[in-house]
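Visitor: With the sequence up front, the predicted model follows.
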Amino acid sequence: MRRTVAALLALPAVLAAGPVLGATVRDMLGREVAVPAAPARIVSLVPSVTEVIFALGGQARLAGVTDFCDYPPAARAVPSVGGMVNPSLETIVALEPDLVVATSEGNREETLQQLRRLGVPVYVVRVQRVTETLDLIRRVGELVDRREAVAPLAAALERRIAAVREAVRPYPTPRVLYVLWPDPLIVPGGQSIITELITLAGGRSITAEHGEAYPRFSLEVAVARAPEVILLADHAGSGSAAGRASPEKWRTLTSVPAIKAGRLHSVDPTLLHRYGPRLADGLESLARMIHPEAFR
Amino acid sequence: MSPERRLASALVALAAVLVAVAGLALFVGSAGLSPVAVARALAGRADAESVESVVTLGLRLPRILVAAVAGGALAVAGVAFQGLTRNPLAEPSVLGISSGAAFGVVLAQIVGLGISPLEALGVTAFAFGGALLAAAAVYLVARVPGGLSIQTLLLAGVIVGIFFGSAITVLISIVDFNRLGGVVHWLLGNLAPLPPASLALFAVLAGVGVLVVLRHARELNLLALGEESAVQLGVDAERLKRRIFLGAALLTGAVVAFAGPIGFVGLIVPHALRGRLGQDHRLLVPTAALAGGVFLLAADTVARNVVAPAELSVGVITAFCGAPFFVYLLRTRYRPTL
């Protein structure tokens, strides 16, 4: 009994001491994180980060992922710790991670505080710009000790992004409405990476002036701004019927130029809403929808 | 059997059940530790940095303690509100008082209060304020000449609950929309392990609330006879109601601040006890403090294991049990009074 009490009293101190320190680095929120020299057991609570780790060839260091980490297919074989909002702390701890990578947009701050309390270093990422995606790839390359894989991956991304910009440059920029979620209507605002991708793809998002990342939006205003292209994120793949893109609903808005011209498209949200190596795929598909004439 | 003996035997039995359920909860979880490993961690024989120590002593044990304290506090708050309003269906979440406290917590977080013990005290103060505000609103809405009618009180509670629920959404939407998902999750009621200092503070606050109610248990028995009779028997009814009101609001506020709004514990537990022990508040209050812990701990153990490795919110489990129970009470026992 006395030993239990002693162990309990010693617990906070021991937990705070944490694993063998490699270096203190700053995460993407600028917070200091004591990252071990070469983290060998990483738990990723972010699907995009999981994709980056695989793309860099660092998956041997991946000890756990979330239920939403579905790409590449091999990610499904990594042990899951639960959802992004409600992962099991116990499962995470049982995986004995020396680093947890999380995001400020999708994970709960409470979860991260609990992990820190238990002495697990938590590295937080936040990506709202394409350049930050490149920064993320570089940072993950350092965390998984695959620095040599960073440059080729980043260069390929940059090359493909530049090619898209080049292809759409001669054409005028149509007004684009991007529908993240249909009901209630949620759209990308100025802080969202999707808005930047629309610009890179040669379009002009009609919801770009909103300061927030993902505001709820008025359908009336969306119609009044006469979008020439409407893109519907189709969440059917996530198994949610509520998130299925239902073009029928939009086709009744016959006054909208995009509907008149038949320019209503479904897009794959896992390509556009994630800031990983597949960003270029998403950008290319976006450009083909906004400027089909540029890719004949 | 004398009341004292009945109380003692009930308390001993409940304490034994609480220890048994806590013991069981220590041994199950998504980490899949072997019973031997858990026992080793408990005995202090495992390396303090080992998985079994961290999971058993750092995650499961504090969470079990949080569940025991929060459940006891909620059950006593239920007894208190039922005695105060002389309404068997009164309870912090049904009356909208949890929602008021939750509004206080969200407000405190927006003001910038964090999770250190001192700040947690501030958060509790906000939650207490919110609970008082909501309770006062319910009382003013439901008050009619000659007391509180059951239906009006319940309706007032529903309305106040909806109002504060919307107020939380408005607050978050204006200030920090990105957190809305997290707040919605928190509003379902979740238990998480607390650090030792916060846990101690929570236990002290809940203990004060329970003592306030316990000290007036005899007067609550007299109040059950009706306010007029109670006054004739020497009870200072106004003072009694004020104290119980404050005590129950403190219990609700502390639980919401440290664990989140969890519903129906204050309904299920007191009714289960009344069936066995009768209406005497001197028996109900102390037994509710233990039985509430047993119930919430059992519910939380289900919540963290049923969809592992993800977790359900414990509030979902208590509501899943509580809502049908509420309907049952409404349709059977209290039909004639409606």
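Guide: Looks like it arrived, so ask away.
Visitor: Next, count neighbours for the nearest residue to A:Arg117 once chain neighbours are set aside.
Guide: For A:Arg117, ignoring the flanking residues on the chain, the nearest one in space by Cβ to Cβ, 6 or more residues apart in numbering or on different chains is B:Pro195 at 6.1 Å. Just so you know, the C-beta spots here come from the backbone N, C-alpha and C atoms, and that holds for glycine as well. B:Pro195 has 20 neighbouring residues, counting by other Cβ atoms under 10 Å in any protein chain shown.
Visitor: Report the secondary structure state of the most centrally placed residue in chain B.
Guide: Nearest to the mean C-alpha position of chain B, by Cα atoms, centre = their mean, lies B:Leu74 at 2.0 Å. At B:Leu74 the chain is in helix, as set by DSSP: H, G, I helix; E, B strand; the rest coil.
Visitor: for the residue lying closest to it once chain neighbours are set aside, what are its contacts?
Guide: Distances taken as Cβ to Cβ, 6+ apart put B:Val265 closest to B:Leu74, at 3.9 Å, once the chain neighbours are dropped. Taking Cβ atoms under 8 Å, 6 or more residues apart in numbering or on different chains, we find B:Val265 in contact with B:71, B:74-75, B:78, B:292, B:295-296, B:318, B:322.
Visitor: Can you spell out which helices and strands pack onto the host helix or strand of B:Leu140?
Guide: Using DSSP states H and E, the element containing B:Leu140 is helix B:117-142. Contact here means 3 or more Cβ pairs under 8 Å, 6 or more residues apart in numbering or on different chains; DSSP states H and E; on that basis helix B:117-142 packs against helix B:97-111, helix B:150-175, helix B:196-215, helix B:237-258.
Visitor: Output the contacting helices and strands for the second one.
Guide: Spelled out, it's helix B:150-175. Using 3+ Cβ pairs under 8 Å, 6+ apart, helix B:150-175 sits against helix B:97-111, helix B:117-142, helix B:180-187.
Visitor: Now it: average pLDDT?
Guide: For helix B:150-175, mean pLDDT rounds to 88.
Visitor: same question, the shortest one
Guide: When pLDDT is averaged over helix B:97-111, the result is 93.
Visitor: just the last one next, same as before
Guide: Helix B:237-258 carries an average pLDDT of 93.
Visitor: so who does the residue nearest to B:Val256 when sequence neighbours are not counted touch?
Guide: Leaving aside its chain neighbours, B:Val256 sits nearest to B:Ala101 (3.7 Å; criterion: Cβ to Cβ, 6+ apart). Counting by Cβ under 8 Å, 6+ apart, B:Ala101 touches B:92, B:127-128, B:130-131, B:134, B:249, B:252-253, B:255-257, B:261.
Visitor: okay, the helices and strands packed on helix B:150-175, which one's buried deepest?
Guide: helix B:97-111 (a mean of 26; mean count of other Cβ atoms under 10 Å in any protein chain shown).
Visitor: what ranges do the strands span in the stretch 51-200 of chain A?
Guide: Secondary structure of the stretch 51-200 of chain A (DSSP state E, counting those that start in this stretch): strands at A:62-64, A:99-103, A:122-125, A:175-179.
Visitor: Mind giving me the packing neighbours of the first one?
Guide: In this structure, strand A:62-64 makes packing contacts with strand A:42-44, helix A:47-55, judged by 3+ Cβ pairs under 8 Å, 6+ apart.
Visitor: residues in contact with it?
Guide: Under the criterion Cβ under 8 Å, 6+ apart, residues A:41-44, A:50, A:53-54, A:78-81, A:91-92, A:95-97 lie in contact with strand A:62-64.
Visitor: just to revisit the earlier point, the residue nearest to A:Arg117 contacts A:Leu118, correct?
Guide: No. Counting by Cβ atoms under 8 Å, A:Leu118 is not a contact partner of B:Pro195; they are 10.2 Å apart.
Visitor: could you say which helix or strand contains residue 231?
Guide: If you meant another chain, say so; for now it's chain A. Element membership of A:Leu231, judged by DSSP H and E, is strand A:229-233.
Visitor: meant chain B actually
Guide: Here B:Val231 sits within helix B:227-232, counting by DSSP H and E.
Visitor: Of all the residues in that helix, which ones are buried?
Guide: B:227, B:230 (16 or more other Cβ atoms under 10 Å in any protein chain shown).
Visitor: same for that helix, what does it pack against?
Guide: In this structure, helix B:227-232 makes packing contacts with helix B:217-223, helix B:237-258, judged by 3+ Cβ pairs under 8 Å, 6+ apart.
Visitor: Dump the C-alpha coordinates for that helix into CSV.
Guide: Provided in CSV are the C-alpha atoms of helix B:227-232 (Å, rounded to 0.1, in the frame of the first residue of the first chain):
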residue,chain,number,x,y,z
GLU,B,227,-44.3,24.7,3.5
GLU,B,228,-47.0,25.7,5.9
SER,B,229,-46.7,22.6,8.1
ALA,B,230,-42.9,22.9,8.0
VAL,B,231,-43.1,26.5,9.3
GLN,B,232,-45.5,25.5,12.0
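Visitor: B:Leu153 - nearest residue in space that isn't next to it in sequence?
Guide: Nearest non-adjacent residue to B:Leu153, counting by Cβ to Cβ, 6+ apart: B:Ala142, 4.3 Å away.
Visitor: for that neighbour, what are its contacts?
Guide: Per Cβ under 8 Å, 6+ apart, neighbours of B:Ala142: B:148-149, B:152-153, B:155-157.
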